[in-house]
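> Show me the folded form of this:
(one chain, ligands or ions: 1)
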Amino acid sequence: MTKPRVALFPGSFDPFTNGHLDLARRASVLFDRVVIAVAHNSAKNALFTPDERVEMIESAIRDLKGASVIHFSGLLVDCAKRIGAQAIIRGLRAVSDFEFEFQMALMNRRLAPGVEIAFLMPSQEFTYLNSTLVKEVARHGGKVSGLVPALVERRLLERFRDRKPGADGQPKAAKPRTKAR
Ligand code: PNS
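Below you'll find the model as predicted:
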């Protein structure tokens, strides 16, 4: 029996967008299993807890065969080895994503030469989309339907309904070498 092809699709997913879902769908065509891994990223001032993010992703991928979701802390490559992933999936939306992704890919390759990094492009309609923009729009009462899965939309509405402006978990100062996801 051939070994199942397993891909790890990591990210902050704060929150998961339809762009992320599009990438997960594309990955699921190429791999037998796609494990979406939510990072416990203490450097970022997250709006949703890892458990909340996992719950929203579970709901978004319920019809996606072979897809599952976990959360992880520590090094991404250790998570990849733990779950037996042969590849790590990252999305490239625009040239501006490339430099940071390239650095990260080479570092991950150095740490785990046996794990391949695969870049996928989302559908063109999602190339401008990222979680930070979605939160910004939702925080100011803008419409995010069509940009995020239904449960994410609901959770954003709930989260911002009772919040004071500015207390929304937006990253205070974006680091120049990380990109908006
Ligand atoms: O959604 P993001 O913010 O682009 O995801 C970035 C993420 C979580 C994939 C990256 O920060 C990561 O891999 N974090 C785990 C720690 C790690 O392995 N860092 C070294 C990467 S070279």
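> May I see the buried residues of the one helix or strand Leu156 maps to?
Per DSSP states H and E, Leu156 falls inside helix 150-161. Buried positions in helix 150-161, judged by neighbour count with 16 or more other Cβ atoms under 10 Å: 151-153, 155-156, 159-160. For the C-beta atoms, the positions are set from N, CA and C on the backbone; glycine is no exception.
> Relative to the whole chain's centre, how far out is the lengthiest helix in the chain?
Using DSSP state H, we find that the single longest helix of the chain is helix 95-111. Relative to its parent chain, helix 95-111 has a centroid offset of 16 Å by Cα atoms, centre = their mean, to the nearest Å.
> same thing with stretch 47-58?
With Cα atoms, centre = their mean, you get 11 Å for stretch 47-58.
> what do you get for stretch 101-120?
So, by Cα atoms, centre = their mean, the centroid of stretch 101-120 is 16 Å from its chain's centroid.
> now do the same end-to-end measure for it.
Criterion Cα to Cα, to the nearest Å; first-to-last residue distance in stretch 101-120 is 12 Å.
> quick one: is that stretch near the ligand?
Yes. Using Cβ under 6 Å from any ligand atom, stretch 101-120 comes into contact with the ligand via 104, 107-108.
> need the contact list for Pro10.
36-39, 72, 76, 79, 88-90 (Cβ atoms under 8 Å, 6 or more residues apart in numbering).
> go with 10 Å
35-39, 70-72, 76, 79-80, 85, 88-90, 108 (Cβ atoms under 10 Å, 6 or more residues apart in numbering).
> Summarise which helices and strands the longest helix of the chain is packed against.
helix 76-83, strand 87-91, strand 116-120 (3 or more Cβ pairs under 10 Å, 6 or more residues apart in numbering; DSSP states H and E).
> which one of these has the most crowded surroundings?
strand 87-91 (a mean of 22; mean count of other Cβ atoms under 10 Å).
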